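> Provided below for reference: sequence and predicted model.
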Amino acid sequence: MNNQIIEGDFRKGTLISLSLFGRVVLGNWKRLDITNMIDKVEKITSENKKDIISATGWGILGGLTFGPLGVLAGLVFGGRGKQYGIICYLKDGRKFVAVVDSELLHKIVILSNK
């Protein structure tokens, strides 16, 4: 479960990657470049999880500690340390929750601060 969307306005399981030119893209075949679309990003932590659940209205995040998303809970809340849960807001109003590695997290945070 590396660099993929787990909930939001894009299809669950959509891959997120860095292109050869450092662009952030979603998908495999039909790719969407979101490099210039990123508005803000938040790292999901045990402290902000409840705020994110209420802000997004996604009840699915309430199950982060149970069920099929239990794997994500381990990653977000102290698992392997090399993967992070994030919520990414795009300038067009769409948003998604994803699991990303540290390299992609770093790139997305830089883009959100432009």
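Thanks, I have the structure now. Residues are numbered from 1 along each chain as shown.

> what stretches of the chain score poorly on pLDDT?
Applying pLDDT under 70 to the chain flags the ranges 1, 48-81.

> all strands of it, in order?
Secondary structure of the chain (DSSP state E): strands at 4-8, 16-18, 24-26, 32-33, 38-43, 83-90, 95-101.

> would TSV of those with distance to V109 be doable?
To be clear about C-beta, it is placed using only N, CA and C from the backbone, and glycine gets the same treatment. Listed next are the strands of the chain as TSV, based on distance: least, C-beta to C-beta, whole Å:
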stretch	distance to V109
strand 4-8	17
strand 16-18	13
strand 24-26	11
strand 32-33	18
strand 38-43	6
strand 83-90	9
strand 95-101	10
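
> highest average neighbour count across the ones you listed?
The highest average neighbour count among the strands of the chain, using mean count of other C-beta atoms under 10 Å, belongs to strand 95-101 at a mean of 23.
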